[in-house]
Structure formats: C-alpha cells, structure tokens
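Participant: Okay, predicted coordinates and the sequence, questions at the end:
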Amino acid sequence: MKTAAELLSELDELDEHVSVDAKTASDVGKSVLETICAFSNEPDLGGGYVLLGVAPAEDSFWPTYEVVGVDDPDKLQADIATQCASMFNVPVRPRMVPERLNGKTVITLFVPEAGPHEKPIHFRNQPLPGSAFRRIGSTDQRCTDDDLVVFYQDRKGETYDEQILGDADLSDFDPDALALYRQLRREVDGEAEELRWSDQELLEALGAVRKHDGAIKPTVAGLLLFGSSKALRQFFPMMRIDYIRVPGVRWIKDPDRRFDTVEIRSPLIRAIQRARAAILDDLPRAFSLPAGETQGREIPLLPDRVIREVVANAVMHRSYKVHGSIQIIRYANRLEIRNPGYSLKAEERLGEPGSETRNPKIAAVFHEIKFAETKGSGIRVMRELMAECSLSPPYLQSDRTGNSFIAILLFHHFLSRDDLDWLSTFSDLNLSDEERKALVSAREVGAIDNSSYRNLNRGVDTLNASKHLRRLCDLGLFQKKGQGSGTYYVPTEKLLASWNLIQAKEAGIGPSEVGMKPSESGPKPSESNSEGSNSTLGQSEGPSTESQLPPELADEIKKLGKRAPEETVKSVVRKLCSWNDLALPVLARMLGRSEVYLRQNIISPMVKAGELEFTIPEEPNHPRQSYRAPSEGR
C-alpha cells in the first residue's frame, strides 16, 4: 500500500488520474462515495487510492497539491466504514491509514476492486445503470447500459446483439451471405463441424436465431451479419459504412462541392470485405524491391492486415443502438475510422490482453473466420505492424461524452530524412529519442497527451511520460492545454516555425518569402472535426459570422426573447449548427445567453442526445471546439 507522501508526490507529477484521487474530505460526501464506487467497479484496475485531506494549490500552472488535513480522522474513518457497509448493494471494505504529512493528519484510503460476481457495485435502492460508477481517467462516470455489458459478460445476461427481432423471420436472411460464411470458415478450418450443418442449425449455433413463442426468430446479430438488403433497410436503416475521399488534409465544408463518397450497405460479413477493398484500391502506394528479387512491386502505404483489423474493430465494437454510420475518411496524409459508441475498455488499457465488446455474438463470428485477431490482441497487432513498416502507431481516441471512437492511421513514415533534418535544429536541447518521437507525432497530428506519448514509446510509464512532456513545455516546444485527465499538449509556433522553413526550402522558397506565421501554415489534424475538419469557422470574435446569417435564421433569433422555453432555444441552436459549425462563445453572443446557461441547459443535453456533435470529438475540451448538427450525408 502506498504512503501518503508517495501519493502526494504522484499527484504533483500527474494530477489526479485513473488510480489516484484527492479529496479535502471534511465529511463523507457524495463525491467520496462515488469515487469509492468507481474504484470498486473499474475492470482490471485493481482498485485505487484516495488521499483525504489535500486540495489543489491555487495560482499554479502545473497541478500541485497542498496538505489541508482532516479535523477528526477517527470520526471520518468511522463514517466512511459505516457508509461503505450500508450505502451499496454489496458492502465495500476500503483500507484506511491515517498519517502525518507536513504537520497535519491525512488519511490514505485504498479501495480494492470488487470481484466479478459482485459487480456492478451501485447505490442501494436506486435504479441501474445510473446508480453505478466507473473510473474513466481522473473522473467518476455514471454507468450506461453499455457499461453493464462489461460487468455482466461473465454472467448469464443478454447483450443487445442477442436480442430477438420479433417482426423478422427466416426469410429475412441472405442465403449468399451464409454461403460466404461457409466459404470463409472452410478456408480457416476445412474440417469444421458446423460446415456439415443445415442453414438453420448453423444460424442457431452462431446465435443468429433464437426460439421465441414457439417460432424461430432472427436476433440483432443474425440480421446484421447475414440479413438481406431489404431486412437491413427495414430494421437498421442507418447501418452502413461510408467511405469518403477528401482531397488535401482537412475537411472543407463547401455546399457546392460533393465529396467522393461510397455507401456500403451489406450484411457485415460482406461489408468488411467491401470496405477493406475500397481502402486498399485507394491508398497511396510505395515501391518495394525485396532482397533477392529482381522485380519490384507496389505495396499500399498501410499494411493490409492493419486495415482489416481497424475496420473489423469498428464493426465489432460500435454501438448498434445509435442510429449512425461508420465513417472511413481518406485524407492525403491519413485514414480516419469513426464509429458510434465509446470504448468499453478504458483508453489507457487499449491494446492489453482481454476484450470487452458490446456485441459478443458478432465478434465471435469474426474471430472464427479470422477477420479479427483473438480477443484483445487486435490493437497490439496493429501497433506492431505499423512499427515494422516504420509508420507512426495508430492514434486511438474514445469519447464517452460524444459516444464515439476514432482511430487515425498516418501514412507518414516515422523519422524520415526530412524529420531528422528538422530534429537536428533542436540538437542543442539534448532531446531523448522518446522526446524526438513526440515532437514528430505532435507536428503531424497537432496534439499529444500522456497516453499517446506512452503509445509512441513502449515501456515508458505514466510518470516518466508526464516528466518528459513537462520538459518539452519548459523548452518552449509544447503548450499545455486542459487539466486533469483532459490534459494535452499542442506544438508551439517555435516548434512549427523550423518545420515551415524546411518545407519552404524543399519547395525552393527562401526564408524571407515564407511570409506567414506557423499558425497560418496549414491545418493540424488534432483540430479536425468529426470528419477531420480543421475549420475555425464560427470561432471569430468579430461580427462576420452573424453578418452572414440567412434572414430567416436572424428572424428566429429575434423572436426568441429572453424567456423562450428550452426546447425552442434548442430548435434554433439546431438550425444554426446545421447552417454552420459554431463555437459556444459565438452561439452565446448570437442568442444573448450566457455560456454557462447554454453549455449546461442546451448544448450538453443536445450532444448527449445526438442532436449536436463536436467538430473536434477526440478533444471535447479543445479551446477551438465547435458544434454541428449531424447530417445524413456525413
């Protein structure tokens, strides 16, 4: 068990994080109990620590904590023990140790992880899922129905993909899709027993049908995997994969130009193959001459197996309760795969053994036909293959607020000659290899956080990653943004200026002819919207955005008044964000409302309901965040 001094040092280095929290704790309030509940529930975390009697220091740029002490440690410990024994569905027994620190008494509290048969730990006499909490980053998050899948996967429980579609029947299956499964299964194991079964027997074994009121009925997984085109349109009208080709490196919203988009509407077993083929046919290619061979060949910049894995992961782990498509967006420098549904596995544990999926029946089929790696190894395999090809590792972002997941695959070859020339301009700073990689990554993606730093540099722990990132800030190369689990770092103009000069030299342009600040030199992927947009439209503090308003929208704003019902305000916000991507300050100015009111009462509920979406979903707290209304064409 860690000491109070060790925990305080860790808080000063990393701030609160996934396994350490800090509370002033003058009494046992709601916040303390929610943290205890979250540490008890979080899978594979092993529990967590709460240091009671400390508070964030004021006026400090870096997160630092000061000891404030607890007034009556004996009473506080007794209250915690009593509440933990009576407030939850299962008694929780935290370990508590009072210690003296800086002349004051603090309490180190360790909450062990509950056993699988006890989860979810939740507040008694309150309905699930909202009465249970998970530990996500440095926050305690109320559970959703999807989170319960994680807790119940070792018990007998029905997941969404196992549910019966009562209005469907066996005629809604596509015989060709079943034949394709048999072909793919035969390629993996020609002696597989199920290949000798009838179609109905096969569907029953795969969980694609179940008996209901004496009849055989398709399940959600069954129709998604093997359904006919008509059935998919009827039961899952938004279940499709959109492959979008975007010229350049950013999304530009232009109503006069339609992007080249391919809509893939097929049973999943066929859709993955079509999506993979569309990507491979469209990828930039490199020339390869293997040792000992006399004839070269062109190969895709991204490994085929990585493409297969990333598409399969999106299909297996997306939320089919959400009416939205999977989007695969091909830019000049990267491939982005976006799917509805945040990761059920904590972001910092992505790539570790073990899988937590919403759709176990769908996943089982893909594992059997080798469309996906064995449980929990797909992300690790992608990272290894990208490293073997000297490519940047995949960037993975899970957003619980926006209920989405994004994977970004850069075509950029890591530490190319241009990169090395650029890094040589910082030779006087004595950068480590790890820090050099971080500079290149942040330049390409536009931002980096602790998790991404560790992903780049396998073997670097959270504490050392934080120290390295802090040093890069001290050197003036990174600028810190956000706080707590939302902390990330963006390149400074000092960092980007040298890259602009090198690029200008490559293009035959002299330094005096560059004539732009680094911030004007082009978009950065981290500032992309949900389709990778780097647009800052609506961010200006000047009057230009309002002056462009269509007359009918201007009239609706005038009619709002100061006491309009929230639903009326939401309707206007929805129309404004359909017209343009708009930031919170601009919306507040347009509507004559405070930012706090709009965020709490209008924007956040609309985002959760899917009526609005972030333009930078991978960084909800980004200073240039804007909002848009979802569009059928995106």
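Facilitator: Structure received.
Participant: What mean pLDDT does stretch 160-176 get?
Facilitator: Average pLDDT, stretch 160-176: 93.
Participant: ignore the last one, stretch 12-32
Facilitator: pLDDT averaged over stretch 12-32 gives 85.
Participant: residues of it that come out buried?
Facilitator: 13-25, 28, 32 (16 or more other C-beta atoms under 10 Å). The C-beta positions use only the backbone N, C-alpha and C, and glycine is treated the same way.
Participant: Now intersect the residues you listed with the strands, please.
Facilitator: Mapping those onto strands (DSSP state E) picks out Val20, Asp21, Ala22, Lys23.
Participant: Could you measure from the third one over to Arg270?
Facilitator: When you say that, I think you mean Ala22. Ala22 sits 52 Å away from Arg270, going by C-beta to C-beta, to the nearest Å.
Participant: Check the last one too.
Facilitator: As judged by C-beta to C-beta, Lys23 and Arg270 stand 53 Å apart.
Participant: Between which two of the buried residues of stretch 12-32 is the distance greatest?
Facilitator: Spatial extent of the buried residues of stretch 12-32 (C-beta to C-beta) is set by the pair Glu13 and Val28 at 27.8 Å.
Participant: pLDDT score assigned to the closest residue to Asp12 other than its chain neighbours?
Facilitator: The spatial neighbour of Asp12 that comes closest, neighbours along the chain excluded (C-beta to C-beta, 6 or more residues apart in numbering), is Thr64 at 5.1 Å. pLDDT for Thr64: 80.
Participant: got the contact list for Thr64?
Facilitator: Thr64 is in contact with Asp12, Pro56, Ala57, counting by C-beta atoms under 8 Å, 6 or more residues apart in numbering.
Participant: in the stretch 401-550 of the chain, which spans are strands?
Facilitator: 404-410, 478-481, 488-491 (DSSP state E, counting those that start in this stretch).
Participant: where does the residue nearest the centre of the chain land in three-state SS?
Facilitator: Central residue of the chain (C-alpha atoms, centre = their mean): Ser398, 1.3 Å from the mean position. Of the three states, Ser398 takes strand according to DSSP: H, G, I helix; E, B strand; the rest coil.
Participant: hang on, it packs against Gly341?
Facilitator: No: between Ser398 and Gly341 there is no contact under C-beta atoms under 8 Å: 9.2 Å.
Participant: Show me whatever sits in contact with both of these two.
Facilitator: Contacts common to Ser398 and Gly341, judged by C-beta under 8 Å, 6+ apart, are Phe405.
Participant: which stretches of the stretch 1-150 of the chain form strands?
Facilitator: Counting by DSSP E, counting those that start in this stretch, the strands of the stretch 1-150 of the chain are 20-23, 48-52, 54-56, 65-67, 95-101, 104-111, 133-136, 139-142.
Participant: Figure out which of those is closest to Ala346.
Facilitator: Of the strands of the stretch 1-150 of the chain, nearest to Ala346 by C-beta to C-beta is strand 133-136, at 6.6 Å.
Participant: Off-centre distance for the closest one?
Facilitator: Between the centre of strand 133-136 and the centre of its host chain there is 15 Å, according to C-alpha atoms, centre = their mean, to the nearest Å.
Participant: pLDDT averaged over that strand, what's the number?
Facilitator: 91.
Participant: by contact count, what packs against it?
Facilitator: Judged by 3 or more C-beta pairs under 8 Å, 6 or more residues apart in numbering; DSSP states H and E, strand 133-136 is in contact with helix 30-41, strand 139-142.
Participant: For the stretch 201-350 of the chain, which segments count as helices?
Facilitator: 220-226, 229-235, 268-282, 304-317 (DSSP state H, counting those that start in this stretch).
Participant: who wins for proximity to Ser40 among these?
Facilitator: helix 304-317 (24.8 Å).
Participant: Mind listing what's buried along the closest one?
Facilitator: For helix 304-317, using 16+ other C-beta under 10 Å, the buried residues are Val306, Ile307, Arg308, Glu309, Val310, Val311, Ala312, Asn313, Ala314, Val315, Met316, His317.
Participant: quick one: which of these is nearest Asp145?
Facilitator: Using C-beta to C-beta, His317 comes nearest to Asp145 of these, at 15.1 Å.
Participant: And the closest one, how close does it get to Leu350?
Facilitator: Taking C-beta to C-beta, one finds His317 at 11 Å from Leu350.
Participant: who touches both of the two?
Facilitator: With C-beta under 8 Å, 6+ apart as the test, His317 and Leu350 both reach Ser343.
Participant: quick revisit: quick check, nearest of the contacts of Thr64 to Asn403?
Facilitator: Pro56 (29.6 Å).
Participant: dump the residue contacts of the closest one.
Facilitator: Contacts of Pro56 by C-beta under 8 Å, 6+ apart are Ala22, Pro63, Thr64, Tyr65, Glu66.
Participant: One more: Gly166?
Facilitator: Taking C-beta under 8 Å, 6+ apart, one finds His212, Lys217 in contact with Gly166.
Participant: Next one: it from Leu223, what distance?
Facilitator: Applying C-beta to C-beta to Gly166 and Leu223 gives a distance of 12 Å.
Participant: quick one: low-confidence parts of the stretch 201-350 of the chain?
Facilitator: 250-259, 285-300, 347-349 (pLDDT under 70).
Participant: Over to the stretch 451-600 of the chain?
Facilitator: 483-486, 502-548.
Participant: and the strands of the stretch 1-150 of the chain as JSON lines, adding distance to Ser325?
Facilitator: Shown next, in JSON lines, are the strands of the stretch 1-150 of the chain (distance: least, C-beta to C-beta, whole Å):
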{"stretch": "strand 20-23", "distance to Ser325": "38"}
{"stretch": "strand 48-52", "distance to Ser325": "37"}
{"stretch": "strand 54-56", "distance to Ser325": "42"}
{"stretch": "strand 65-67", "distance to Ser325": "45"}
{"stretch": "strand 95-101", "distance to Ser325": "48"}
{"stretch": "strand 104-111", "distance to Ser325": "40"}
{"stretch": "strand 133-136", "distance to Ser325": "26"}
{"stretch": "strand 139-142", "distance to Ser325": "26"}
